[in-house]
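[1] build me a model:
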Amino acid sequence: MTVDEVTLGSVTRRRVPGLSGALPSWFEHGFGFRIGDLPTHEFFKPYALTFDFGRMRIPMNTPR
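    Numbering: from 1, shown residues only. The predicted structure is shown next:
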């Protein structure tokens, strides 16, 4: 599917392909918060991701 607008944190992208309905039903509420759908790699392509496990954050920075 393609979503008109997706926002994660302070980043908003438009016309992003996504994934819906392909995950087991327990996944949607299984982590203490609702996960409705998952963005595909297309959402993250213009960014450099850093996985900060100490702070439990994933900063998305625009590459220079």
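[2] secondary structure element for the residue nearest to T2 when sequence neighbours are not counted?
    With CB to CB, 6 or more residues apart in numbering as the criterion, T2 has its nearest non-adjacent residue at 5.3 Å, and that residue is P17. C-betas here are computed from N, CA, C, even on glycine. Using DSSP states H and E, P17 falls within strand 11-19.
[3] what comes up buried for that strand?
    Going by neighbour count (16 or more other CB atoms under 10 Å), the buried part of strand 11-19 is R13, V16.
[4] if we look at it, which residues are touching it?
    Outside of strand 11-19, the residues within contact range by CB atoms under 8 Å, 6 or more residues apart in numbering are 1-6, 37-40, 42-43, 47, 60.
[5] can you pull the pLDDT of the spatially most central residue of the chain?
    For the chain, the residue sitting closest to the mean C-alpha position, by CA atoms, centre = their mean, is P39 at 4.6 Å. The predicted structure scores P39 at 76 on the pLDDT scale.
[6] which residues touch it?
    Neighbour list for P39: V3, V6, L8, V16, G18, L19 [criterion: CB under 8 Å, 6+ apart].
[7] show me what T7 is bridged to.
    Beta bridges link T7 to T12 when assigned by DSSP bridges.
[8] tell me the pLDDT of it.
    On pLDDT, T7 comes in at 85.
[9] what ranges does this structure have for its strands?
    In the chain, the segments counted as strands under DSSP state E are 2-8, 11-19, 38-39, 48-49, 60-61.
[10] next, format the ones you listed as a markdown table and append distance to G32.
    Output for the strands of the chain, formatted as a markdown table (distance: least, CB to CB, whole Å):
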| stretch | distance to G32 |
| --- | --- |
| strand 2-8 | 18 |
| strand 11-19 | 21 |
| strand 38-39 | 17 |
| strand 48-49 | 23 |
| strand 60-61 | 23 |
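[11] worst mean pLDDT among these?
    What stands lowest among the strands of the chain, in mean pLDDT terms, is strand 38-39, with a mean of 76.
[12] just checking: what are the partner strands of it?
    According to DSSP bridges, strand 38-39 has the following sheet partners: strand 11-19 (antiparallel).
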